[in-house]
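Trainee: Need a 3D model of the following:
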Amino acid sequence: MPHHTLTVIEDGGLTALGPASLDVAAPTTLSDPVTLQAVRDALRDSLPAELLDPVAPASVRDPEVLRALRAEIGTQVERGYGALRSLPTDEAALLRLFQDALGWGPAQPYLDDERVQEVKIIGDLIMVQEEGADFTLAPERFADPRQALDRALLLAARLNVPLDRTRPQDTLPLAHGTRVHVTIPPCTPEGTGLICIRRGRRHAWTLDHILGHQSCAPEVGDLLRLLVRAGCSFLIAGETGCGKTALLEALVNSWPGEPHVVTIEDNTLEINVRHRAWTRELVRTAVERGAFGRAAREVLRQTPSLVAPGETRAEEAGAILAVAVSGHAVVTTIHARSAARAVQRFADCAAMPGAYIYEGRRDHAIEDACDNFQVVIHLEKVGGRRYIDEILLLDGVELVGERVVPRTVRLAWAETDEGELTWATAALVQGDTLAWHGSGHTPEALARRLRLLQMHADVRATATSRASATEAIARAATATLAGDNTQALAILRRAWRDRRDERLVAAARHAIELDAEQSLALTETARRAEATVDAALLARRWPEARAAHAAVLADVALVAAHAPVGGWGALDAAIKAGEDRDHEAAVRVTEARLALAQGRARDAADILARADPGRLSTAVARDTLAARHAALVILCAAGELGAEALAPVEAELEALEGDAAHA
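Mentor: Numbering: from 1, shown residues only. Here you go, the predicted structure:
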């Protein structure tokens, strides 16, 4: 349909805006109830369900509508009877039939227009909001308010959403994030309804889309990209329709690497995620109270990289906050009139009756929110334009009187200069840091994330550490073929820090063969380390053995240069066995001392009887013998044992002291 400026209600309706060819058949023929019912039956039986959505793409739906109706008309013509056999088969007439029978009548052309973001049907009136503009009353209207209401009820029935007088309001979830909210009597006058159809995005947005819609300046986009790279948690605030979900989606889709993203949405699938590892959870709080919060709590057991609860509205905030406190990155939205108020409203929700953990604990909720959300973004909508109004960084809390309030650092904000929207920033991005213009500072929680970001500047592009090792081996092989074994070993050492893969050892062995002098030096170093480990094992000095062993394993070149009998793994097993014996003996000593304190000397002696001091480290052996000696002394004094029972223990203690003196 050609684009026309919308005006107030006037005569003419759809025929005044549409092509003249729509009137190819007499109105009485096209609007005959029997004909319309026959069209409904034909299309319901032959059209895929997704093409009956109000905003199904006309380019896909219309050819299927024409095919189905022409086929049915042809069948009835051949048969010689049927309500459709005398209908014209031209495109305009058949599409008009679809609109009046199963489509959304005079509202359908607006639903088919990709520039239209939302259509409201109020009784028989149609209101339309195009991108970049406010709602406007359309010139068309339904002949009867009942027509739109019947279509909404039919759509609800097809989606298994019960709409009746006991539950007269609900949201109908459609594909591509389109949201249809329906209100029927008794909430509306009898025979009328309120139907709000909000078009979703068919393609997943990124921050580039936000910039493309001039929702912020490029330098603000740079700030957001840095905060995303740092893995911050975001709270996005604003009024209805200001673009909160679009920004949430853009932040999620700009996340670095290959994160596992979990989205939680209530009844409407609006968020589109580009990442392959995406778990999409749909809950219906209208049916199950607390379902949103329950889903958020379950996230704690799913170890995602990023959690995106679509909207925080009530007590589920407690569970969402618990997810953030657990260390997961969280991006969620909330209705609030300013960035600072958003944090307080989030805490209010988290402390509501029935909230997880924080019920009745608003101050604790606001403290945890300010410690675990790093960024708050407030969006505005003026006319049809949606833009980022302010970005705050959270910096803990402070007391104002007796009230706990967020402490914030203003990072960016919108300004109006002679009617033009511009943005100011308190800092600019310099690499992986923020360079502040004046007295601003980076809050400690964010500074810590930025330091970690600098330590891990490159997010691994491969899917797993095994894939990284495979890539490193290939790169090292190239360097080895070029005769650069130093570069080859550097590549393999970096990969070895991430994954102890035996394939890296084989590749390192091949690389060090190129330099006989280096190979000899590495072999000597590894053998000296082996001798140190052996000596420490013999002396039962497990920490010393562990340190020498770890020093070898830290360098793949040393592991490749020399392997003890049985391999380095055999030495590791021997060290671990000694450590385990010490641990078990230490536990027994603790139990024995408790028994002694309770006057159970016999139990203490029995607990320690199974410990072999000759296989323990000196310190643990001394503790074991001392505890056993204390138990035996008590038993001897009680006449349960003879004095000769003390002699072997005292001899072992004396030997240990002698060994310690000579060490």
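Trainee: which residues touch the spatially closest residue to Asp501 that is not a sequence neighbour?
Mentor: In this structure, Asp501 finds its nearest non-sequential neighbour in Ala469, 4.3 Å apart by CB to CB, 6 or more residues apart in numbering. Where you see a C-beta, it was placed from the backbone N, CA and C, and this is true even at glycine. Each residue near Ala469 by CB atoms under 8 Å, 6 or more residues apart in numbering is listed here: 495, 498-499, 501, 503-504.
Trainee: Thought Val283 was touching Pro173, still the case?
Mentor: No - the pair Pro173 / Val283 is not scored as a contact, 11.0 Å apart, by CB atoms under 8 Å.
Trainee: Can you pull the residues that touch both of these two?
Mentor: Asn267.
Trainee: sorry, back to before: and the gap between the residue nearest to Asp501 and Arg494?
Mentor: Remark: distance between Ala469 and Arg494 (CB to CB, to the nearest Å) = 10 Å.
Trainee: Low-confidence ranges, the stretch 451-600 of the chain, go.
Mentor: Applying pLDDT under 70 to the stretch 451-600 of the chain picks out residues 455-464.
Trainee: now with 90?
Mentor: Counting by pLDDT under 90, the stretch 451-600 of the chain has low-confidence residues at 451-472, 475, 479-487, 494-495, 497-501, 513-516, 518, 566, 587-588, 595.
Trainee: For Ile357, grab the count of nearby residues.
Mentor: Neighbour count of Ile357, defined by other CB atoms under 10 Å: 16.
Trainee: In a strand, it, correct?
Mentor: No - secondary structure assignment (DSSP: H, G, I helix; E, B strand; the rest coil) places Ile357 in coil, not in a strand.
Trainee: biggest helix in this protein by residues?
Mentor: Longest helix in the chain, counting residues (DSSP state H): helix 568-597.
Trainee: How far off centre is that helix?
Mentor: Going by CA atoms, centre = their mean, to the nearest Å, the spacing between the C-alpha centre of helix 568-597 and its chain's C-alpha centre is 42 Å.
Trainee: Might one say that Val128 is in contact with Pro109?
Mentor: No - taking CB under 8 Å as the contact criterion, Val128 and Pro109 are not neighbours in contact, 9.9 Å apart.
Trainee: Now the common contact residues for the two.
Mentor: Common contacts of Val128 and Pro109, defined by CB under 8 Å, 6+ apart, are absent altogether.
Trainee: picking up where we left off before, show me which residues of the longest helix of the chain are buried.
Mentor: Buried residues in helix 568-597, counted by 16 or more other CB atoms under 10 Å: 568, 571-572, 574-575, 578, 581-582, 585-586, 588-589, 592-593, 595-596.
Trainee: okay, now the domains of the protein?
Mentor: As assigned by automatic domain parsing, the chain contains the domains 13-198, 207-455, 465-564, 578-662.
Trainee: With just CA atoms, put the helix or strand containing Ala560 into CSV.
Mentor: Using DSSP states H and E, Ala560 sits in helix 556-561. These are the backbone C-alpha positions of helix 556-561, laid out as CSV (Å, rounded to 0.1, in the frame of the first residue of the first chain):
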residue,chain,number,x,y,z
VAL,A,556,55.8,-28.0,28.4
ALA,A,557,59.3,-27.9,27.2
LEU,A,558,60.7,-29.5,30.4
VAL,A,559,58.0,-32.1,30.3
ALA,A,560,58.9,-32.9,26.7
ALA,A,561,62.7,-32.9,27.4
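Trainee: Show me what it is in contact with.
Mentor: Against helix 556-561 from outside (CB under 8 Å, 6+ apart): 489, 492-493, 496, 504-506, 508-509, 511-512, 519, 522-523, 525-526, 529, 552-553, 568.
Trainee: ok, now with 7 Å
Mentor: Under the criterion CB atoms under 7 Å, 6 or more residues apart in numbering, residues 489, 492-493, 496, 504-505, 508-509, 512, 519, 522-523, 525-526, 552-553, 568 lie in contact with helix 556-561.
Trainee: what does stretch 630-646 give?
Mentor: Residues lying outside stretch 630-646 but in contact with it, judged by CB under 7 Å, 6+ apart, are 592, 596, 601-602, 604-605, 608, 629, 649.
Trainee: Which positions within it qualify as buried?
Mentor: 630-636, 641, 646.
Trainee: Can you add secondary structure and distance to Arg158 and give these back as TSV?
Mentor: As requested, these are arranged in TSV below (DSSP: H, G, I helix; E, B strand; the rest coil; distance: CB to CB, whole Å):
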residue	secondary structure	distance to Arg158
Ala630	helix	81
Ala631	helix	79
Leu632	helix	84
Val633	helix	86
Ile634	helix	83
Leu635	helix	84
Cys636	helix	89
Leu641	coil	87
Leu646	helix	89
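Trainee: Arrange those in JSON lines, one row each, with distance to Ala250 and pLDDT as further columns.
Mentor: What follows is the buried residues of stretch 630-646, written out as JSON lines (distance: CB to CB, whole Å; pLDDT from 0 to 100):
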{"residue": "Ala630", "distance to Ala250": "69", "pLDDT": "92"}
{"residue": "Ala631", "distance to Ala250": "70", "pLDDT": "91"}
{"residue": "Leu632", "distance to Ala250": "74", "pLDDT": "91"}
{"residue": "Val633", "distance to Ala250": "75", "pLDDT": "91"}
{"residue": "Ile634", "distance to Ala250": "74", "pLDDT": "92"}
{"residue": "Leu635", "distance to Ala250": "76", "pLDDT": "90"}
{"residue": "Cys636", "distance to Ala250": "79", "pLDDT": "91"}
{"residue": "Leu641", "distance to Ala250": "79", "pLDDT": "86"}
{"residue": "Leu646", "distance to Ala250": "78", "pLDDT": "88"}
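Trainee: Spatially, which two of the residues you listed are the most separated?
Mentor: Farthest apart among the buried residues of stretch 630-646 by CB to CB are Ala630 and Leu641. That separation is 13.0 Å.
Trainee: related to what we said a few turns ago, inside helices: which ones of the contacts of stretch 630-646?
Mentor: Of the positions in those, 592, 596, 601-602, 604-605, 608, 629, 649 sit in helices, assigned by DSSP H.
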